[in-house]
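In: Got a predicted structure here, sequence first:
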Amino acid sequence: VTGVQTCALPISTGQGPLLRYRDTTRDTAKAIAGKWGGRAVDKGKDLIGLDKHVDQLLGLALDDLRDYYGNQDIRNRVRERLTHALHRHKNTRVCLIAHSMGSIIAYDVLRTLTLEQDTTEIEHFITIGSPLGLPIVTQHVRKEFAKTLIPQQVRQWTNLADPGDKIALDCSLGDDYRQTPGGILINEDLVHNDYVDPSGSSDPHNAYGYLRTPELSDIICGFLDAGNGV
């Protein structure tokens, strides 16, 4: 991507350079409010439950989460697909990009590999539009893995989120997912997801919009350069 410039507000004209995001004080306040608001919702409910009342309070559609956590067969099958893919590339440099529900699946697979003492490594784990910070999700992580830790297989983790993305309501994962002794920290960056659907409505959660952000382009270029373009 060439000719990139910075701007504090998202602009989507369909022409010109893709814009970088410049954080504002308002973004910080919103992230804090969203984090504690979500925790308050959980405290008022069964912490593991996923029902329509939570959907309404958070303003999110949680059908995929409900199916994933409520059906072990579905959960096992989707995890196996990623596990097999990672094993096929076990001896190569891997940059794993996971969007939305995929970031939960990827995280769970990596934590499972840790428990199994699998030596598969991820050079760079990139989460985009991720709900991993939602209290509903972290509760399930703690239920299965005891703690919300950064997977040991991961050498670098970057989380990209658009502040207007309701699925990535908690834009900051670093205070939820802790490093193991001698481990890494999560790099976090806000981005402009300026995707507009065919009806003309903006969709700040769309995967295509995240994939074309200059911030993600920089990460991929850095990964390729470090491997001499391989």
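Out: Structure received.
In: Could you use CA atoms for every contact and neighbour count after this?
Out: Will do.
In: Report the spatially nearest residue to the residue nearest to the spatial centre of the chain, omitting neighbours in sequence.
Out: In the chain, the residue lying closest to the centroid (Cα atoms, centre = their mean) is S130, at 2.8 Å. Among residues not flanking S130 along the chain, S100 sits closest, at 4.5 Å (Cα to Cα, 6 or more residues apart in numbering).
In: Is it correct that the one you found is in contact with G133?
Out: No: shown here, S100 and G133 do not form a contact pair, counting by Cα atoms under 8 Å, at 11.1 Å.
In: Neighbour count for the two, which is higher?
Out: The residue with more neighbours, out of S100 and G133, is G133; 22 against 18, by other Cα atoms under 10 Å.
In: ok so that one is a strand residue?
Out: No: G133 is assigned coil when assessed by DSSP: H, G, I helix; E, B strand; the rest coil, not a strand.
In: Just want the phi and psi numbers for the residue nearest to R178 when sequence neighbours are not counted.
Out: Spatial nearest neighbour of R178, excluding adjacent residues (Cα to Cα, 6+ apart): L149 at 4.8 Å. Taking degrees, to the nearest 10, you get phi -110, psi 160 for the backbone angles of L149.
In: Now do the shared contacts for S100 and G133.
Out: Common neighbours of S100 and G133, counting by Cα atoms under 8 Å, 6 or more residues apart in numbering, are A168.
In: name the element the residue nearest to the centre of the chain belongs to?
Out: Under DSSP states H and E, no helix or strand contains S130.
In: Hmm, I97 and it touching each other?
Out: No: here S130 does not reach I97: they are 10.8 Å apart, not a contact under Cα under 8 Å.
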